[in-house]
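Colleague: for reference, the sequence and a predicted model appear below.
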Amino acid sequence: AAPAAVLAWPAVAVGAAALAAAGVVAALVFRWATRRVGGVNGDVLGATNELARVAALHAGVVAWTLS
């Protein structure tokens, strides 16, 4: 999400929304993994990457259409 936030430079809200969404998803997946799976492994990192990417893209699109 960080490169997308930099590329959307004039629209700062779009980049901030994308980074915030990715951060929230990563924190939620980390919390879930430590409680349910017993820690973070490669599969959890891969799932976090994909889920955070989808959340960041959706949040960026929503912020872009509202601005």
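Modeller: Arrived safely, thanks for sending.

Colleague: got the buried residues for the helix or strand where residue 54 lies?
Modeller: In the assignment (DSSP states H and E), residue 54 maps to helix 42-66. For helix 42-66, a neighbour-count test (16 or more other CB atoms under 10 Å) marks 44, 48, 52-53, 55-56, 59-60, 63 as buried. Heads up, the C-betas are built off the backbone N, CA and C, glycines and all.

Colleague: how about residues contacting whatever helix or strand residue 32 lives in?
Modeller: In this assignment (DSSP H and E), residue 32 forms part of helix 12-32. With CB atoms under 8 Å, 6 or more residues apart in numbering as the contact definition, helix 12-32 has outside contacts at 1-2, 4-6, 8-9, 40, 44, 47-48, 51-53, 55-60, 62-64, 67.

Colleague: quick one: low-confidence ranges for this protein?
Modeller: Segments of the chain classed as low confidence (criterion: pLDDT under 70) are 1, 4-5, 8.
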